[in-house]
Each structure stands twice: as C-alpha cells, then as structure tokens.
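J.: Quick one: sequence plus predicted model below, questions after.
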Amino acid sequence: MAHTTVPFHGKVCMVYVEGTNMEYEKGWTLNVTLDMADASRAGQQWKEGLPGQAGWSGSFEIYHAAANVQQAVIFDNLVTAAPGTRLDGSRFVLDTAANYYSGNFYITGISINATMGGIASASVNFQGTGALVLTP
C-alpha cells in the first residue's frame, strides 16, 4: 500500500503501546535526529560535518485515567514498577489504514497536569531505541 498524497487529519492519529490502542489520547509527536561530527580543519572557510547515528524520541498526551488498562502500562513502567523497561512493538498511527511509524522505546518522563475546572491529563516523554520504521 502506498502512502497517501494528501495530509493526514489529526483526528485519526493514534498511539498503540505494545500493540494496544492508547485510550483517551490527545496527540503525539515524534522527533528524529541525526548526530553530526565536526570534521572542520584549519584553512577552511566553511565548517564540514560528517553524519553519525540517527535517533528518535517523542511524546504523547492523554487524558489521565489511572485505572485504564492501556494507561496503567505506561504509569506502571515508570511510577510504580521497574523503571527502564523497554516497550516493544509500539505504533504511531497516521490514519485508520496502514500508515504508521513503529519502534521500541523507553519512558523517560511523565508530567501529570490537573487544573481547576479542567480535565486531568498527562504528557509522556520517551526515547526510542533502535530504528524507527515507516510502514505505508
């Protein structure tokens, strides 16, 4: 299947953690970077760089429902269980078809936000390990 030729609408973008859809999700962000080593030498007018390793990280936001089974996996991973457990087979879905990014990651931080008159929410930060794969 080929990728779509039009933009994806955010209302269908979802996160699956270890194969399970994250309920009450508000959105997600992926950051992909490439390390660059400085290879500049004396006498050059312009800097020179050499590519190193690629990496990825990101975050997703949810409405906080502590007893929700999918959310419990996330919070137990960092808050109450053994921190540093890798979450495998996760997907960042772009639409209801088969367009998604996938990879394994570690939870690196959770921020729980509660305001008077608002809905309690949480931001979950993660660091990818290994390749991030785009599946059309």
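T.: Received, thanks.
J.: quick one: contacts for residue 30?
T.: 56-58, 92, 101, 132 (CB atoms under 8 Å, 6 or more residues apart in numbering). To be clear about C-beta, it is placed using only N, CA and C from the backbone, and glycine gets the same treatment.
J.: Roughly how far does residue 49 sit from residue 122?
T.: Going from residue 49 to residue 122 by CB to CB, to the nearest Å gives 37 Å.
J.: The two - which one has more neighbours?
T.: residue 122 (21 against 12; other CB atoms under 10 Å).
J.: correct me, but the more buried one touches residue 65?
T.: No: counting by CB atoms under 8 Å, residue 122 does not reach residue 65; the two are 9.5 Å apart.
J.: Need the residues touching each of these two.
T.: residue 71.
J.: mind listing the strands for this protein?
T.: 14-17, 20-21, 25-38, 49-63, 87-93, 100-113, 121-135 (DSSP state E).
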